[in-house]
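S.K.: one predicted model, sequence on top.
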Amino acid sequence: MISQPFEYSRPGTLAEALELLSGGSTKPLAGGMSLIPMMKLRLAAPEHLIDLSRIPGLDAISEGGGSIRIGALATHYGIESSALIRAKCPLLAETAGRIGDVQVRNSGTIGGSVAHADPSSDYAAALLALDATVHIAGRRGNRSLPYAEFLVDTFTTLLEPGELVEAIEIPAENPSTGSSYQKMVQPASGFAIVGVAARVARIAGKITFARIGITGLGSKAFRAVNVEALLLAGNAAAAAAAAGDGIEANSDLHASSHYRSQMVKVYCARAISTALSRAA
Amino acid sequence: MTQPIRVTINGTAHQHSVEPRLLLIHYLRDVAGLTGPHVGCETSICGACTVMVDGKAVKACTMFAVQADGREVLTIEGLASNGVLHPIQEAFWNEHGLQCGYCTPGMIMAVKQLLDRNPNPDEAGIRHAIEGNLCRCTGYQHIVNAVKAAAKSMGA
Amino acid sequence: MGTTLTETKTLVGQSVRRKEDPRLITGTATYVDDIQQPGMNYAAVVRSPHAAARIKGVDTKAARELPGVVAVFTGSDVAELGPVPCGASLPGLRVPYHHLLAQDRVYFVGHPVAVVVAHDRYIARDAAERVEVDYETVAAVTDSEKALAPGAPAVHPQWPDNLAFTFEQNGGDFAQAARDADVVVRQRITSQRLIPMALEPRGVVAEWRSGDKALTIYSSSQIPHLMRTLVAQILGIAENRLRVVAPEVGGGFGSKLNVYAEEALMGFVAMKTGKPVKWIESRRENFLATTHGRGHVDYLEIAAKKDGTILGLSLKLIQDLGAYHQLLTPAVPTLSVLMMPGLYRFRNIHATILGVFTNCVPTDAYRGAGRPEATHAIERIVDCLAAELKMDPAEIRFKNFVHNDEFPYLTATGLSYDSGNYAAPLEKALDLVSYSELRNQQAEARAAGRLMGIGIATYGEICAIGPSPATPAGGWESATVKIEPSGKVTVMSGVKVHGQGEETTFSQIVADELGVDMDDIVVLHGDTTLVQYGIGTFGSRATAIGGTALYFAVQDLKAKIKKFGAMMLNSDDVSFVGGRCVCNRSGKSVSLAEVAGASHRALALPPGTDPGLVATKFWEPPNFTFPFGAHIVVTEVDRETGGIKINRYVAVDDCGRIINPMIVAGQIHGGVAQGLGQALFEQAVYDESGQLVTGELTDYAVPKATMMPWIETGHTVTPSPVNPLGVKGVGEAGTIGCSPAVVNSVVDALSPLGVRHIDMPLTPEKIWTLIQGGAA
């Protein structure tokens, strides 16, 4: 219940934050929905927390050049309820609304979630399906990476020490694309046993575009390119059934690897079906 | 090593020097003397600690007091006004929306968040809005009734 | 001109809103963690991370040296104090001595090893980590059947067979019944270990006043008086110098019907340090070290005629006790045996209980305490029997119910069922769901390949616990009613209200009887200095027994009031009605307040009458009471995921006379929620090495609002003849009726696939595996 002692700083600018983060055992604090529970259970003990929450503009959601830019400190509630995101990136809004509970969504942030890289992160499935880009700020300069590259493994990303996720960028959705996020919920924690994000588009009944992101199955979220290929090839029946093939499924108290590997197919089929029903 | 913070709680300004690791819930209960919000777990599931910070329902056990510096906190104790109960409190009373009362302060704050955002929620919306608040006594049914009654009396 | 008849409506029977609520909805109630005392220290308990180990040494130096640490206590400091008590006795019961802190061995993960005392709770937590314990682990066993197997690790070295007791009970001749039967159905049925999970964790504040040699213990407890007696014994202090206060208690469900090491430990700490001390358990500690519920592996055999007449039932009950006995640990499974006949008239039973030690925290009472397990087992096997005989599950139950003209009914287990009308709730429930139409819908659903299930459970329950010879510490209850000089009423009840609403329902009773306003009545409970000795709240007893004690105390007062009224009105023919003493001849009257004033001023006293207006009643119940009911659950199983959707939940319960319908409904809802938790979501899981894998709420799925169906409640009312209120009790009934109804429903849904039984919890994976054709 009680974390180890630490120092606390609350920089007023991004530059100040980056300066502080270049020091020793520091950790950025966004919403704290992942970090603080870990600190309370003493599974994490950073010596110096850098609170990013008062840096102006870091939570801004804006549109420009055909894409939506979401500041790292945008909360799940902010994303869920943003008129812009609901219109231009509905998959992300839907996914944000499935994270945790109301209180978690009020505080938790997309930047914190992306940097934390929980293997059952809901956003991970959606960001893979959305071809998202991660904008990273560092003292030595900024850089951008496709989310698919940025995500390496369980709790592991390409963030270097001292770097911060500054924003997520997503191409604005084509209005004729249908999308859906379907999640099998672990009833105690609310986490995804499996979660599937699907985006599809079709012309004259033939699927011309498919992106499937899957979370919770293995050690990291992944894009189900095999499922996408089967959808594009017109083999919808086999598509969902191929979800998760070749991925070693997690096993825990709540779902064995066998069950999980079967449920990913069921939820994939449901995500595709719902996405198709929403497609033009 | 303590740091000064200024927090407005239920309309009153408070100034204290606190350890950064002091949780907001402990600050409210042990330092500011407001024992309405309760501690029920340490994994941010139960919601008994729910308060509002700058109008947003948060779990005070998953926030450090230093994060609330400069912010406005509303706890259950701040809901009634001049001895007059808030319609949500009145509705919980009328509809038997509580038994042991331990989850109630947090539950009522979560309900306030819901009705602030959606003045006329349906049953599914109500249950979804209190997913982060466990109750072991009521089975939630009378709580759903209380929320509907509160919405009605608040003009839905 | 006609006369107008005025009907006086009683408060009893109305859904009066609760007197408890104003403090609870404003956050101004006082739970243990809300108590602050000058100079108060905080304690943290160091607990064993191992299920079984020898303690080679405990080094507290680093902990003691941390600034802000006041003291550290270990096993040797408390070795001479009394044990954590087991209040239950059974022939041949093996009772391991339960020290307040582990001595040379630990027996379960969470076993207290040391107590750290510091100036604040943060330092206490830091210091606890600095206590170094040198453990030498030994083999552990956490499964009761594995513990019974030859060669299993010995939980207690002196008893290598891991048996704490065996118990046998016979009624009639089951062996003969099995021979006479056309069919004998056998089934292994489990009621899994559960975590009661009251929202408020346990906590204690202790304060010692050395000048008076007086100790005060505040504890979140369901049994303050009993705890006081027992903790005084543990600490070796005078009972009348120990004050126990159970303030607002945030749920108990049986887990606070106990005496815990920490309660005595904090008293010890306060005495040793001379300063008040507070200890509040974390949720993890609550999961590890507060008693668990259930823990049955039951082997049943039911013998019947082919027309569905049940001839007898045999039960072998393997009870997972845990590593120690807490207050009622060995007694709980005996309640299962008592209720094994359920609502049925068969006369032949044979029961064996094996009480098994495991390296887990002890099991003890949890909402229903033995009766949900019994009801689950019998209602499941009756369904198995119905399926075997191809009989409708409602029909087989109607056929075997105790008949209405057979009450009081002496069961094969020696109980006397007080009153009943067992067919009525089932008829009502069947009517509410339009049963035959529902079966038609099911046939259509099945034809379309959908897995729809209809589950019925009828339950009987033994509560209002109970006649003192049948309880470990006395089963009566007490009430004192005082009318103050101003006419206001103060009630002191020996029950410990913790959400059940007796401050309100007792006021309803008193208001009706004395003609006073609800607002003029105060109901006090939980403080052993204020309130005469009482037993407490558990076993659905508070209204049936505590309310009856109150009722009788009020009758004594009414008699005295009439004496004063007669004197004041100079009449020998007075009535007491509507709060006034009325002379029946003249119509003159005096108010209760005037009588109260006169009885205290004592200018004149009626012959043979003392001043004052106080009555105390200790009421011994002549019998338990026996609520009953029927729950029907309609489910649909998702073939693809094994997920279960409850489409309809109907509960028709008979708790005797209903004092406050809204409160009764709340008890049913809450009871059903916990039954549903057992049926679908919850299980306390220990792994092979003894770690509690479901150690936090992130892994133990207590029902959330989105997981609960809408519960339709109905009632029949069959008053109990056991008490003048006619009340049976309702606190546990919802839980008892729920789990078998839910499991029967899902088994029914899957019966076209050949499924005949599933053990709880019915997780989606378990159901999905069955649908694929594998064993769950």
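M.R.: Ah, there it is.
S.K.: pull the number of nearby residues for A:D131.
M.R.: By other C-beta atoms under 10 Å in any protein chain shown, the residues close to A:D131 number 17. For glycine as for every other residue, the C-beta is placed from the backbone atoms N, C-alpha and C.
S.K.: against C:F401, how distant is C:V337?
M.R.: 21 Å (C-beta to C-beta, to the nearest Å).
S.K.: just A:S34 next, same as before
M.R.: Relative to C:F401, A:S34 is positioned 56 Å away (C-beta to C-beta).
S.K.: likewise C:Q691?
M.R.: 46 Å.
S.K.: interface residues of chain A facing chain B?
M.R.: A:1-8, A:10, A:29, A:32-33, A:36-37, A:39-41, A:49, A:51, A:53, A:77, A:100-104, A:106-107, A:188-190 (C-beta under 8 Å from any C-beta of the partner chain).
S.K.: mind running it again at 7 Å?
M.R.: By C-beta under 7 Å from any C-beta of the partner chain, the residues of chain A that approach chain B are A:1, A:3, A:5-8, A:32-33, A:36-37, A:40-41, A:49, A:51, A:53, A:101-104, A:106-107.
S.K.: who's in contact with the residue in chain B that chain A sits nearest to?
M.R.: When scored by C-beta to the nearest C-beta, chain B has B:G132 as its residue closest to chain A, at 2.9 Å. Applying C-beta atoms under 7 Å, 6 or more residues apart in numbering or on different chains, we find B:G132 in contact with A:D101, A:V102, A:Q103, A:V104, B:G47, B:A110.
S.K.: what's the answer for C:E168, then?
M.R.: C:A351, C:T352.
S.K.: part of a strand, is it?
M.R.: Yes - counting by DSSP: H, G, I helix; E, B strand; the rest coil, C:E168 is located in a strand.
S.K.: just the pLDDT for it.
M.R.: On pLDDT, C:E168 comes in at 98.
S.K.: that one and chain B, how far apart?
M.R.: 36 Å (C-beta to the nearest C-beta, to the nearest Å).
S.K.: could the contacts of B:G132 go into TSV alongside pLDDT?
M.R.: Shown next, in TSV, are the contacts of B:G132 (pLDDT from 0 to 100):
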residue	pLDDT
A:D101	98
A:V102	98
A:Q103	98
A:V104	98
B:G47	98
B:A110	98
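S.K.: those residues: which ones sit near chain C?
M.R.: Of those, not one also sits near chain C (C-beta under 7 Å from any C-beta).
S.K.: turn those into TSV, columns for distance to A:S82, secondary structure and neighbour count.
M.R.: TSV is the format used below for those (distance: C-beta to C-beta, whole Å; DSSP: H, G, I helix; E, B strand; the rest coil; neighbours: other C-beta atoms under 10 Å in any protein chain shown):
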residue	distance to A:S82	secondary structure	neighbour count
A:D101	19	coil	23
A:V102	16	helix	24
A:Q103	19	helix	29
A:V104	17	helix	24
B:G47	25	coil	30
B:A110	22	helix	25
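S.K.: which of the residues you listed sit farthest apart?
M.R.: Greatest spacing in the contacts of B:G132, by C-beta to C-beta: A:V104 and B:A110 (11.8 Å).
S.K.: what is the burial count for residue 31?
M.R.: By default, I'm working from chain A. Count around A:G31 with other C-beta under 10 Å applied: 26.
S.K.: meant chain C, my bad for not saying
M.R.: C:Y31: 21 neighbours (other C-beta under 10 Å).
S.K.: quick revisit: look up how far B:K112 lies from the residue of chain B closest to chain A.
M.R.: 14 Å.
S.K.: same check, this time on C:L415
M.R.: Applying C-beta to C-beta to C:L415 and B:K112 gives a distance of 49 Å.
S.K.: these two: which is more packed in?
M.R.: Neighbours were counted for C:L415 and for B:K112 using other C-beta under 10 Å; B:K112 has more, 22 against 19.
S.K.: look up the closest residue to the more buried one, ignoring the ones flanking it.
M.R.: B:I88 (5.9 Å; C-beta to C-beta, 6 or more residues apart in numbering or on different chains).
S.K.: distance from stretch B:97-112 to the middle of the chain?
M.R.: Distance of stretch B:97-112 from its chain centroid, counting by C-alpha atoms, centre = their mean, to the nearest Å, is 8 Å.
S.K.: with just CA atoms, put it into PDB.
M.R.: Taking Å, rounded to 0.1, in the frame of the first residue of the first chain, the C-alpha atoms of stretch B:97-112 are listed here in PDB:
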ATOM      1  CA  GLY B  97     -28.700   2.200  -1.800                       C
ATOM      2  CA  LEU B  98     -26.300   1.200   1.000                       C
ATOM      3  CA  GLN B  99     -26.000  -1.300   3.800                       C
ATOM      4  CA  CYS B 100     -22.700  -1.200   5.700                       C
ATOM      5  CA  GLY B 101     -21.900   2.200   4.200                       C
ATOM      6  CA  TYR B 102     -18.200   1.600   3.600                       C
ATOM      7  CA  CYS B 103     -18.300   1.800  -0.200                       C
ATOM      8  CA  THR B 104     -20.900   4.600  -0.100                       C
ATOM      9  CA  PRO B 105     -18.800   7.800   0.000                       C
ATOM     10  CA  GLY B 106     -16.800   6.700  -3.000                       C
ATOM     11  CA  MET B 107     -19.900   5.300  -4.800                       C
ATOM     12  CA  ILE B 108     -21.700   8.600  -4.400                       C
ATOM     13  CA  MET B 109     -18.800  10.500  -5.900                       C
ATOM     14  CA  ALA B 110     -18.700   8.100  -8.900                       C
ATOM     15  CA  VAL B 111     -22.400   8.700  -9.300                       C
ATOM     16  CA  LYS B 112     -21.900  12.400  -9.200                       C
END
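S.K.: quick one: low-confidence residue ranges for chain C.
M.R.: C:1-8, C:774-776 (pLDDT under 70).
S.K.: which one of the residues in it is closest to chain B?
M.R.: C:G27 (2.2 Å).
S.K.: list the contacts of that residue.
M.R.: C:G27 makes contact with B:G36, B:T75, B:I76, B:E77, B:P105, according to C-beta under 7 Å, 6+ apart.
S.K.: in strands, which of those residues appear?
M.R.: Among those, no member is found in strands (DSSP state E).
S.K.: which of those residues lies closest to A:G24?
M.R.: Using C-beta to C-beta, those come closest to A:G24 at B:T75, 36.5 Å.
S.K.: show me the strands in the stretch 51-200 of chain A, by range?
M.R.: Along the stretch 51-200 of chain A, the stretches classed as strands by DSSP state E, counting those that start in this stretch are A:61-64, A:67-71, A:133-138, A:141-146, A:151-153, A:156-157, A:164-171, A:178-185, A:192-203.
S.K.: mind listing what's buried along the longest helix along chain C?
M.R.: Assignment by DSSP state H gives helix C:548-569 as the longest helix of chain C. Of all the residues in helix C:548-569, those buried under the rule 16 or more other C-beta atoms under 10 Å in any protein chain shown are C:548-554, C:557-558, C:560-569.
S.K.: please consider this matter closed, and thank you.
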